[in-house]
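# Quick one: sequence and predicted model below, then my questions.
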Amino acid sequence: MRIGILQCGQAPAELKQDMGDYPDMFVRLLDGRGFDFRTFHVESMEFPDSVQDADGWLLTGSRHGAYEDHGFIPVLERFIRDAYDAAVPMVGVCFGHQIIAQALGGTVVKHPGGWSVGTQDYDFDGETVRLNAWHQDQVVTLPKDAQVAGRSDFCENAALIYGDRAYSVQAHPEFSDGFIQGLMDTRAPGVVPQPLLDQAAARMGDATGSGAVADRIEAFFKQPRAISRGVA
């Protein structure tokens, strides 16, 4: 199954050499599950010719806010709506989670509660899943077709499902503890409050749920779809 990775941002230069960029992390997360991948760096305006150029699309994280004024964002939103109308499945993570919601009529804001950093506990249909997080923005108003598939005390809309057309997660199943530590060292100083960094350091090693989310992503992409492509 061909998955097109829509790269919406880049890992910090200081971390790329040892840990790879965002597409590399998703390839590792989904390794051995029967997918092959092609990356399109949409942040740099490299877009597929058609939503039919892959069997499914995976939208990565980004340092950008979905509501910010960047040239790639309106183009990406149109692509999301076209893929949704054509029933080509999409998975979004963090910024990908937010931009899918925004493109389909939801609202994304900089959350007044601040940052979520490091290992967090999420309720996925009664199952506690521990994942690494790194975000300040949240989806606060759902698109009409979205249903909540995961939540936490801090993030009510932590995972969303749109029938068989889209699935998205606010947390980062693709982020290792080492990468979170690297973000804490390179991007957090002066930005993220120190008590949150101390809490994240204390929970380092507890994010054991990446495999559970990878299972959900695999099942979502591979599920039988009754709606033929190109028919909304």
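Here it is on my side, so go on.
# Next, give phi and psi for the residue positioned nearest the centre of the chain.
Among the residues of the chain, the one closest to the centroid is Val93, at 0.5 Å (Cα atoms, centre = their mean). Dihedral angles of Val93 (phi, psi; degrees, to the nearest 10) stand at phi -130, psi 130.
# do the same with the one 10 residues further on
Recorded main-chain torsions at Ala103 are phi -60, psi -30, according to degrees, to the nearest 10.
# Same question for the one 10 residues further on.
Taking degrees, to the nearest 10, you get phi -80, psi -10 for the backbone angles of Gly113.
# these two touch, right, it and Phe154?
Yes. Contact between Gly113 and Phe154 holds when scored by Cβ atoms under 8 Å: they sit 6.4 Å apart. C-beta here means a position set from N, CA and C on the backbone, and glycine is covered the same way.
# if I pick the residue nearest to the centre of the chain, what's in contact with it?
With contacts defined as Cβ atoms under 8 Å, 6 or more residues apart in numbering, Val93 is in contact with Phe26, Leu58, Leu59, Thr60, Gly61, Ser168, Val169, Gln170, Ala171, His172, Pro173, Glu174.
# switch the cut-off to 7 Å
Val93 makes contact with Leu59, Thr60, Gly61, Val169, His172, Glu174, according to Cβ atoms under 7 Å, 6 or more residues apart in numbering.
# Give me the distance between Gly4 and Arg187.
Gly4 sits 27 Å away from Arg187, going by Cβ to Cβ, to the nearest Å.
# more crowded one of these two?
Taking other Cβ atoms under 10 Å, Gly4 and Arg187 do not tie; Gly4 has more neighbours (23 against 15).
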